[in-house]
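**Student:** Predicted structure and sequence below. I'll ask about it afterward.
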Amino acid sequence: MTASLVGTWRLLSTEMEMVDSGERLQFFGARPNGRAILTEDGYMMALITGTDRSPSAEPAGMAALLTSMVAYSGAYRIEDGKLITKCDLAWQPGWVGTEQVRIISFEGDKLVLTSPPQAYPAVPGREVRGVLAWRREA
């Protein structure tokens with residue numbers, strides 16, 4: 001399965017499912033942007049940004065930009081249908097040194113990565129499950 005993941009992927013959609021209610025939100029808006037790059041030698045990087053972000057030089061605006069993005073990288077491995085990344089860099093320092101787990105599935109030509117229930121910094125006190133769809137670019 002590793003060979004089928006190697007390449008560059010463009011983000012198509014993101015949904016955050018609230019585990020306690022089943023409610024699904026387009027957490028990064030209707031048209032999120034993102035790329036994921038997985039190399040043959042086992043390294044990955046992902047960057048996701050929300051819809052309609054605007055530059056800001058003000059502290060509050062810059063802080064808001066950080067809440068509308070996710071970025072992390074690290075060595076990855078595939079185990080039992082899961083993509084497991086050992087984070088070495090992340091927009092959220094609490095992720096550094098953790099393993100980020102994503103369940104792998106394919107829907108036609110789309111790669112769907114789903115997280116197990118987990119804490120997410122933007123929704124403190126609640127667990128979410130992320131469901132992200134990607135299409136291969138290269």
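**Tutor:** Yes, it's here. Residues are numbered from 1 along each chain as shown.
**Student:** just the strands in the protein please.
**Tutor:** All strands of the chain, identified by DSSP state E, fall at 7-18, 24-25, 33-38, 43-49, 69-79, 82-90, 99-107, 110-114, 118-119, 127-136.
**Student:** List the contacts of the worst-scoring helix or strand of the chain on mean pLDDT.
**Tutor:** In the chain, no helix or strand scores lower on mean pLDDT, DSSP states H and E than helix 2-5, which sits at a mean of 82. When contacts are defined by CB atoms under 8 Å, 6 or more residues apart in numbering, helix 2-5 is touched by residues 38, 40, 42, 78, 83, 104, 106, 111. Yep, even glycine has a C-beta here, placed from its N, CA and C like the rest.
**Student:** Which of these are buried? Put it as a ChimeraX command.
**Tutor:** Of those, the buried ones go into a single ChimeraX selection, burial set by 16 or more other CB atoms under 10 Å:
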select :38,78,83,104,111
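**Student:** In terms of mean pLDDT, which of the strands of the chain ranks lowest?
**Tutor:** Across the strands of the chain, strand 118-119 has the smallest mean pLDDT, namely a mean of 84.
**Student:** and that strand, how far from the chain's centre?
**Tutor:** Centre-to-centre, strand 118-119 and its host chain are 13 Å apart (CA atoms, centre = their mean, to the nearest Å).
**Student:** what does stretch 35-53 give?
**Tutor:** 8 Å.
**Student:** mind listing what's buried in that stretch?
**Tutor:** Applying 16+ other CB under 10 Å to stretch 35-53 flags 36-38, 44-50 as buried.
**Student:** Just flag the most distant two among those.
**Tutor:** Greatest spatial distance among these (CB to CB): Leu38 and Gly50, at 22.6 Å.
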